[in-house]
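Peer 1: Predicted model follows, preceded by the sequence.
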Amino acid sequence: MKKFILIFLSIFFIFIISSCNDNQKDNNEENSNGNNNNQEEIITTNKTLVAYFSQTNNTKKIADYIIEIEDADELRILPKIEYTAEDLVYYDETSRSWLEQNDENARPEIKNSKIDLTNYDVIYLGYPIWYGYAPKIIYSFLDDYKDSLAGKKIVPFCTSGSTNIKNSVDELMKLNNEVMWFKGMRFADSSSKEDVESWINNMIGLREEKTIYDIKMRISGIDINFDIENNESTLDLLEKLKKKDITISANRYGGFEQVGPLGLTLKSNDVQMTTSPGDIVLYSSNQICIFFGSNSWRYTLLGHINLSATELTNLLNKELVSIQFYLA
Ligand SMILES: Cc1cc2nc3c(=O)[nH]c(=O)nc-3n(C[C@H](O)[C@H](O)[C@H](O)COP(=O)(O)O)c2cc1C
C-alpha cells in the first residue's frame with residue numbers, strides 16, 4: 001500500500017514538474033520579450049493592486065482574472081535571480097527551492113524596484129504553493145513593504161496541485177500583524193473566471209458600503225461641499241468612483257461655466273433646463289459642467305454647490321480649473 005502511494009505521488013509530481021517546465025519556457029520567453037518585467041513605471045491610479053509571483057503562469061492566469069474583474073493594477077513580483085528548471089526539482093533536497101523553503105531566514109531578492117502603495121486599499125497577493133507554503137519571495141515582498149502595508153486589506157490567493165491555502169496564510173500573517181488579512185483562496189489549473197468572480201463577490205468585508213453621499217469634490221485643490229442628486233447618473237458615478245478617483249481638466253466656456261471631459265461615460269437622463277450658478281451637470285454623458293452663470297441646454301443634473309455668486313465666480317471664472325471627484 002505504501003509503495004502504491006509512493007508511486008502515485010511520484011507520478012503526480014512528475015506531471016506537475018513537466019507542466020511547470022513547459023510553462024517555464026513560456027514564462028522565460030515572455031520575459032525575454034520584455035513583457036511583465038517592465039513594471040517600474042506602474043501607474044497607481046486604481047484602488048486595488050494584484051501583486052503576485054508566478055513561476056509557470058498558473059497563478060498569473062488567476063491574477064489576470066482578478067485584474068480584469070477588479071480593474072486593478074498589476075505587480076508581477078520577479079526574482080532578481082530567475083529560477084531554473086533545476087531549481088524547482090521538488091524531490092531534490094539540494095535544489096534551490098528546497099533549500100530556500102527550508103531556511104526560515106531565506107528572502108530571495110525581488111528584481112522590480114519598490115512601488116508606492118499609498119493609494120491602494122486592497123492588495124491581492126498571489127503565489128504558487130511550494131512544499132505546502134508560500135514561496136520565500138512572498139516573504140521578501142512582505143518584508144520589503146512592511147511599513148506601507150499597515151492598515152491595508154491583503155487578500156491572498158494561490159494555485160497548487162492539491163494543497164490548500166490555509167497553512168501558507170497562517171505563516172504569512174506572522175510577518176505583519178498590522179494588515180487586515182483575509183483568509184484567501186486556493187485555485188486549481190482548471191479554475192475559471194466565473195469561479196474567481198464568485199469568490200470576490202462573496203467575500204465578506206472586502207468592500208465597505210459606500211453611498212452617493214460619500215462622493216466628495218475638490219476644485220483646484222479645495223474641498224467643496226455640494227448637495228448631490230439621487231439619480232441613476234450619480235449612482236453610476238458612485239460605481240465608477242469605487243474603482244478610481246476621477247480628475248477632470250476643465251476650461252471656462254461661454255463666460256458662464258467650467259466644462260471638461262470625465263474620461264468615461266455615465267448613464268444620463270438629459271432634460272432641457274436653465275441652469276443656476278452652482279449647478280453641477282452631466283453634459284452629453286461624458287462631460288461635467290459647473291456653472292458660475294447660467295445656460296439653457298439639455299443636461300442631467302448631478303448636484304448643486306451652495307456658494308454665493310461671488311464665491312462661485314472667484315472659484316470658477318478662470319481659464320482652467322481641475323475638478324476631482326473621489327469617495328470619502
Ligand atoms: C518546488 C515546487 C513545490 C511544489 N509543492 C507543492 C505542494 O506542496 N503542494 C501542491 O499541491 N503543489 C505543489 N507544487 C505545484 C505548484 O503549486 C503548482 O503547479 C502551481 O500552480 C504553480 O503555480 P505557478 O504556475 O504560478 O508557478 C509545487 C511546485 C514546485 C515547483
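Peer 2: Cool, the structure landed.
Peer 1: Okay, helices next: where are they in the chain?
Peer 2: 2-32, 58-70, 96-101, 136-144, 166-173, 193-201, 232-243, 309-316 (DSSP state H).
Peer 1: Out of those helices, which gets the lowest mean score?
Peer 2: Mean pLDDT is lowest for helix 2-32 among these, at a mean of 43.
Peer 1: mind listing what Asp144 touches?
Peer 2: Contacts for Asp144 (CB atoms under 8 Å, 6 or more residues apart in numbering) come out as 110, 114. Any C-beta I mention is one placed from the backbone N, CA and C, and that applies to glycine too.
Peer 1: low pLDDT regions in the stretch 51-200 of the chain?
Peer 2: Nowhere does the stretch 51-200 of the chain drop to pLDDT under 70.
Peer 1: Would you mind listing what in it touches the ligand?
Peer 2: Within the stretch 51-200 of the chain, the positions lying close to the ligand (CB under 6 Å from any ligand atom) are 54-60, 88, 90, 97, 128-132, 159-163.
Peer 1: Recalculate using a threshold of 8 Å.
Peer 2: Residues of the stretch 51-200 of the chain lying near the ligand by CB under 8 Å from any ligand atom: 52-61, 88-90, 95, 97-98, 101, 126-133, 158-163, 189.
Peer 1: list the contacts for Leu316?
Peer 2: 219, 252, 257-258, 290-292.
Peer 1: if I look at Ile66, how far off is Asp73?
Peer 2: According to CB to CB, to the nearest Å, Ile66 stands 11 Å off from Asp73.
Peer 1: so what sits against both of the two?
Peer 2: Shared contacts of Ile66 and Asp73, defined by CB under 8 Å, 6+ apart, are found at Val50.
Peer 1: how deep is the nearest residue to Lys242 once chain neighbours are set aside tucked in, by neighbour count?
Peer 2: Using CB to CB, 6 or more residues apart in numbering and skipping the chain neighbours, the partner closest in space to Lys242 is Lys210 (6.4 Å). A count of nearby residues for Lys210, using other CB atoms under 10 Å, gives 14.
Peer 1: With Lys216 instead?
Peer 2: Look at Lys216: counted by other CB under 10 Å, it has 17 neighbours.
Peer 1: how about CSV for the contacts of Leu316, with pLDDT added?
Peer 2: Below are the contacts of Leu316 laid out as CSV (pLDDT from 0 to 100):
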residue, pLDDT
Ile219, 97
Arg252, 97
Glu257, 97
Gln258, 98
Ile290, 98
Phe291, 98
Phe292, 97
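Peer 1: Next, the buried residues of stretch 237-248.
Peer 2: Neighbour-count burial for stretch 237-248, counted by 16 or more other CB atoms under 10 Å, picks out 237-238, 240-241, 244-246, 248.
Peer 1: same question, stretch 128-146
Peer 2: Judged by neighbour count using 16+ other CB under 10 Å, the buried positions of stretch 128-146 are 128-130, 133-142, 144-145.
Peer 1: Dump it to CSV, keeping only the CA atoms.
Peer 2: Extracted as CSV, the C-alpha positions of stretch 128-146 are listed here (Å, rounded to 0.1, in the frame of the first residue of the first chain):
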residue,chain,number,x,y,z
PRO,A,128,2.0,29.0,-6.1
ILE,A,129,2.2,26.6,-3.2
TRP,A,130,5.8,25.3,-2.7
TYR,A,131,6.2,22.4,-0.3
GLY,A,132,3.0,23.4,1.5
TYR,A,133,3.7,27.1,1.9
ALA,A,134,4.2,30.4,0.0
PRO,A,135,7.5,30.7,-1.8
LYS,A,136,10.0,32.7,0.2
ILE,A,137,9.9,35.6,-2.3
ILE,A,138,6.4,36.4,-1.0
TYR,A,139,8.1,36.8,2.5
SER,A,140,10.6,39.1,0.8
PHE,A,141,7.6,41.2,-0.6
LEU,A,142,6.0,41.4,2.9
ASP,A,143,9.3,42.4,4.5
ASP,A,144,10.2,45.0,1.8
TYR,A,145,6.8,46.7,2.0
LYS,A,146,6.2,46.1,5.7
